[in-house]
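Peer 1: output the structure for:
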Amino acid sequence: MSEQLNTSDKSGQLDSLHHVAISVTDIAAAVDWYRTNFACDIAYQDPTWAFLKFANVHVALVLPNQHPPHLAFVTPRATERTDLKVHRDGTRSVYIYDPAENAVELMDPTSL
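Peer 2: All right, here's what the predicted structure looks like:
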């Protein structure tokens, strides 16, 4: 079910796209492919997911049974949530869903 965020704070600062997560079947093979075809750095890699750093955004490579494919935004509104989860890299976030049921991650900017 989609969820509406409180957007009453009109401070003028726009939220930022932190990463896009795409589903892959083999993390190592996907990392090799992206590193061969694009200029990016490996920010993190293990057998279950990888995090690639590009000049303007990160790309997460995820296994289908580990994480949903999603967009992740850094937003101060995440700090208003009581259901944030701490991830292995220390960031705090929560997944919500847009009206089309796409997963959207709200990342707490104080945890980056």
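Peer 1: pLDDT below threshold where in this protein?
Peer 2: Applying pLDDT under 70 to the chain flags the ranges 1-2, 4-11.
Peer 1: what segments of it are helices?
Peer 2: Secondary structure of the chain (DSSP state H): helices at 27-37.
Peer 1: in it, which spans are strands?
Peer 2: For the chain, the strands defined by DSSP state E cover 16-23, 41-45, 49-53, 58-62, 70-74, 85-86, 92-97, 103-107.
Peer 1: centre of the chain to stretch 97-112, how far?
Peer 2: 7 Å (CA atoms, centre = their mean, to the nearest Å).
Peer 1: check stretch 94-111 too.
Peer 2: From the chain centre to the centre of stretch 94-111 is a distance of 8 Å (CA atoms, centre = their mean).
Peer 1: just to revisit the earlier point, nearest to Tyr34, of the strands of the chain?
Peer 2: strand 49-53 (5.7 Å; CB to CB). To be clear about C-beta, it is placed using only N, CA and C from the backbone, and glycine gets the same treatment.
Peer 1: quick one: buried residues of that closest one?
Peer 2: Within strand 49-53, the residues scored as buried using 16 or more other CB atoms under 10 Å are Trp49, Ala50, Phe51, Leu52.
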